[in-house]
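Student: Got a sequence here, can you build the structure:
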Amino acid sequence: NKVQVEVKDFPFEAFNHVQLTDVHVGRTIKRDFIEKLVEATNDLNPDIVVITGDLVDLPISHIEYDLYPLKHIKAPTYFIVGNHEYFHGVGEAVEYLKELGIIPLLNEHVVIGDGDKQFNLVGLTDVIGYRTDFLPPDPDAAYSGVDQNKACVVLAHQPRMIDVMDSYRCDLMLSGHTHGGQIFPFGLLVMTAQPYLAGLYQHASNRQIFVSRGTGYWGPPLRFLAPSEISQIFIQPA
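Tutor: Numbering: from 1, shown residues only. A predicted model of the protein is given here:
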């Protein structure tokens with residue numbers, strides 16, 4: 001799914017940003033799927049790759065072999081947790097992905113680029129952390145030291161996090177979680193809990209959000225009127 005986005009103060013003319021989300025590696029999505037996914041991702045020649053949560057759907061000890069091909073993604077790769085990582089062990093997932101060369105952002109940020117061409121990539125943990133009282137989203141921590149005169153791309157698994165960003169610069173949020181409904185008409189039910197279902201939205205005059213339909217699936221290996229996607233997001237200056 002190729003998407004063009006214009007962002008104020010963005011320092012690059014055409015930044016190739018690939019988003020993977022909601023892969024749900026576990027009971028039915030295995031190593032062969034991940035090998036094909038990595039190959040397809042590399043073929044897009046991304047500048048960076050972001051994985052916006054729900055990568056795992058079993059404890060890491062059960063799926064290390066299946067996840068291992070992620071090591072071969074050629075671009076710098078960043079990861080935030082989704083609600084399913086909390087179900088199966090956030091700490092173990094994060095540590096194993098580090099071994100694969102993937103950089104977790106747990107209420108943290110990194111600066112992408114150098115010199116006068118830089119933007120902020122901010123990663124937030126999942127809202128389920130509020131309920132579990134473990135690693136809840138902490139925008140204050142994530143934005144600590146951020147130069148908000150520079151463009152900010154924010155990673156948050158659930159789209160409803162857009163509603164808590166009013167005090168922070170968030171030019172573009174990248175989310176998943178909804179699966180685009182996965183099986184029509186379940187998207188109508190999803191939208192009782194989330195403000196956006198799938199695609200690019202103008203949330204406010206200075207804030208956009210893109211919600212991916214997800215790269216895998218959850219539950220039955222079935223999608224209807226909500227195809228899975230690799231999201232290739234081309235960001236350019238507004």
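Student: The residue nearest the centre of the chain pairs with what?
Tutor: Residue closest to the mean C-alpha point of the chain, counted by C-alpha atoms, centre = their mean, is Thr52 at 2.0 Å. Beta bridges link Thr52 to Ile80 when assigned by DSSP bridges.
Student: show me what contacts it?
Tutor: Gln19, Leu20, Thr21, Ile80, Gly82, Leu155, Ala156, His157, Leu174, Ser175, Gly176, Ser212 (C-beta atoms under 8 Å, 6 or more residues apart in numbering). (Glycine included, C-beta is placed from N, CA and C.)
Student: Tell me, what's the model's pLDDT at the nearest residue to the fifth one once chain neighbours are set aside?
Tutor: Nearest in space to Gly82, with sequence neighbours left out and distances taken as C-beta to C-beta, 6 or more residues apart in numbering, is Gly53 at 2.4 Å. pLDDT for Gly53: 96.
Student: Wait, Gly53 touches Met161, no?
Tutor: No - taking contacts as C-beta atoms under 8 Å, Gly53 lies outside contact range of Met161: 10.9 Å.
Student: Show me which of these two is the more surrounded one.
Tutor: Comparing Gly53 with Met161 by other C-beta atoms under 10 Å, the one with more neighbours is Gly53, at 30 against 24.
Student: so how far is Glu85 from the more buried one?
Tutor: With distances taken as C-beta to C-beta, to the nearest Å, Gly53 is found 7 Å from Glu85.
Student: Now the common contact residues for these two.
Tutor: By C-beta under 8 Å, 6+ apart, Gly53 and Glu85 have these common neighbours: Asp126.
Student: SS state for Thr41?
Tutor: Thr41 falls in the helix class when you classify it by DSSP: H, G, I helix; E, B strand; the rest coil.
Student: May I have the residues that are in contact with it?
Tutor: The contact partners of Thr41, taken as C-beta under 8 Å, 6+ apart, are Val18, Leu20, Val49, Ile73, Ala75, Ile230.
Student: which pair in those spans the largest distance?
Tutor: Ala75 and Ile230 (12.8 Å; C-beta to C-beta).
Student: still on that earlier bit, hmm, which two among the contacts of Thr52 are most spread apart?
Tutor: Checking the contacts of Thr52 with C-beta to C-beta, the most distant pair is Leu20 and Ala156, at 15.0 Å.
Student: More neighbours: these two, which one.
Tutor: Set Leu20 next to Ala156 and count neighbours by other C-beta under 10 Å: Ala156 wins out with 30 against 27.
Student: which non-adjacent residue is nearest that one?
Tutor: Per C-beta to C-beta, 6+ apart, closest to Ala156 is Leu124, 4.6 Å.
Student: and what of Phe184?
Tutor: In space, Phe184 is closest to Leu225, 3.9 Å off (C-beta to C-beta, 6+ apart).
Student: And the pLDDT at the one you found?
Tutor: 72.
Student: Met173 - that's part of a helix, no?
Tutor: No - with three-state DSSP as the criterion, Met173 is strand rather than part of a helix.
Student: Please name the bridge partners of it.
Tutor: Val154, Ile209.
Student: Give the ranges of residues in the protein that sit below the confidence cut-off.
Tutor: Along the chain, the parts satisfying pLDDT under 70 run over 187-188.
Student: ok, which stretches of it are helices?
Tutor: Ranges of helices in the chain, per DSSP state H, are 31-43, 60-67, 83-88, 90-99, 128-132, 139-142, 187-190.
Student: Next one: Lys117 from Asp9, what distance?
Tutor: Separation of Lys117 from Asp9 (C-beta to C-beta) stands at 11 Å.
Student: same check, this time on Leu20
Tutor: 26 Å.
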